[in-house]
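Q: Build me a structure from this.
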Amino acid sequence: MSDLKRTPLYDLHVDLEAKMVPFAGFSMPVQYPTGIRREHQAVREAAGLCDVSHMGEFLVFGPDAGAFVSWVTSNDPLSLEAGQAQYSVICHADGGIVDDLLVYRLGEDRFRLVVNAANLDKDWAHLKAQATRFDVHLEDESEGVGLLALQGPSSQQILEPLASEDLDAVGFYEFTQGHVAGAPCVISRTGYTGEDGFELYLPAERTATVWQALLDAGSPSGLIPVGLGSRDSLRLEMGYALYGNDLDDGTSPLEAGLAWLVKLGKDEFIGREALVEQKTAGLTRRLRGFRLLERGFPRPGYEVRLEGTACGTVRSGTLSPSLEVGIGTAYLPPAAKPGTQITVVIRDREIPAEVVAMPVYADGSLRR
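A: Sure thing, here's the model as predicted:
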């Protein structure tokens with residue numbers, strides 16, 4: 001893995017005996033000796049700390065920054081006030097998804113876009129090509145920014161003594177700029193697990209110090225380091241999409257159940273015309289969640305059948321640590337709504353399953 005990039009925490013992960021795997025061009029910890037199940041439970045019950053410094057960060061600033069971000073994303077960034085963030089997607093002209101991302105409004109004419117590491121080069125090329133028509137500047141901050149995700153019901157209690165800012169004043173999808181363990185930091189109340197928590201953006205060279213300070217402060221409350229494996233099972237229980245599995249260049253946000261991110265009433269944006277046409281014509285498929293009715297592990301790529309006929313493949317799948325059943329997602333005909341019976345082909349056997357509403361996990365139990 002010598003040709004893979006490393007986050008600022010690589011050596012610490014190795015010291016913690018993490019299982020390192022290639023991910024989006026980086027060598028990343030998929031799990032620690034505690035195991036994915038224990039890491040998953042820690043986030044649901046107490047707190048987990050995850051290194052997500054592989055993510056990409058682009059700074060957008062200049063007189064046309066707001067207009068530019070509105071043109072390249074489907075949501076409405078102009079509705080944000082400074083200190084607010086929103087989830088959004090970047091679309092191709094045909095409505096396909098270039099990437100999903102977080103948009104942070106840092107000021108009147110200043111935004112930060114947080115993109116998936118696997119799409120960083122593609123996103124950068126796409127944005128640079130669109131920027132030529134605007135009075136705007138783009139800066140790729142990715143290599144200089146470290147990013148930690150502190151997630152779980154005990155997150156605020158753990159972070160509070162180390163943070164310079166009043167965390168009670170930071171609402172969901174809001175952020176503030178201050179210090180954590182003495183390091184300058186953007187403290188964002190966001191996450192990818194369905195639990196309360198924070199994402200901390202800080203100078204890359206200060207990331208290791210803050211990581212250790214958080215673990216030292218949080219260990220008595222049950223905080224442990226968690227890898228990408230539990231991050232994936234946590235997000236799937238909540239029905240959060242993963243680019244490359246649930247989303248790609250050939251899927252639209254309407255098909256993916258992300259219509260709430262598509263503000264057709266705002267000014268023009270890339271993909272709007274195609275999405276209007278798709279909405280008018282009606283969808284031919286829709287991303288749905290499912291659960292297995294027998295024991296099994298629905299891995300991505302497995303065939304999904306409706307009434308005995310192949311209708312798609314598993315996009316994301318796992319054995320849910322919280323629910324102890326196999327769960328996943330697949331693009332299915334629109335008529336396949338919660339309660340519809342389907343099968344997933346696992347090792348040449350049709351395993352019965354049913355479509356369920358997402359999130360699959362809600363209020364500590366299976367959502368039906």
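
Q: So in the chain, where's the weakest helix or strand by average pLDDT?
A: strand 365-366 (a mean of 54; mean pLDDT, DSSP states H and E).

Q: Quick one: residues contacting F297.
A: F297 makes contact with G317, T318, L319, G326, I346 under the criterion C-beta atoms under 8 Å, 6 or more residues apart in numbering. Placement of C-beta: from N, CA and C, glycine included.

Q: The first one - that's part of a strand, no?
A: Yes. Assigned with DSSP: H, G, I helix; E, B strand; the rest coil, G317 falls within a strand.

Q: how near is it to A24?
A: Applying C-beta to C-beta, to the nearest Å, the value for G317 to A24 is 20 Å.

Q: These two: which has the busier surroundings?
A: Counted by other C-beta atoms under 10 Å, G317 and A24 do not tie: G317 has more neighbours, with 25 against 18.

Q: Leaving out the residues flanking it, which one is nearest to the residue of the chain positioned farthest from its centre?
A: In terms of distance from the mean C-alpha position of the chain, G308 ranks first, at 33.2 Å (C-alpha atoms, centre = their mean). Spatial nearest neighbour of G308, chain neighbours left out: T343 (7.9 Å); criterion: C-beta to C-beta, 6 or more residues apart in numbering.

Q: What residues are bridge-paired with the one you found?
A: R305, P352 (DSSP bridges).

Q: What's the per-residue pLDDT of it here?
A: You'll see T343 listed with a pLDDT of 98.

Q: Pretty sure it sits against V304.
A: Yes. Checked against C-beta atoms under 8 Å, the pair T343 and V304 is within contact range at 7.3 Å.

Q: The two: who's more crowded?
A: Ranked by neighbour count (other C-beta under 10 Å), T343 and V304 place V304 first, with 24 against 21.

Q: what residue ranges in the protein score low on pLDDT?
A: Within the chain, the ranges that satisfy pLDDT under 70 run 1-2, 363-368.

Q: Would you map out the domains in it?
A: Residue ranges for the domains of the chain, per automatic domain parsing: 1-283, 284-359.

Q: that's a helix at L264, yeah?
A: No. Using three-state DSSP, the assignment for L264 is coil, not a helix.

Q: what's around it, how many residues?
A: 11.

Q: In contact with it, which residues?
A: Applying C-beta under 8 Å, 6+ apart, the residues near L264 are R272, L275, V276, K279.

Q: same thing but 7 Å
A: R272, L275, V276 (C-beta atoms under 7 Å, 6 or more residues apart in numbering).
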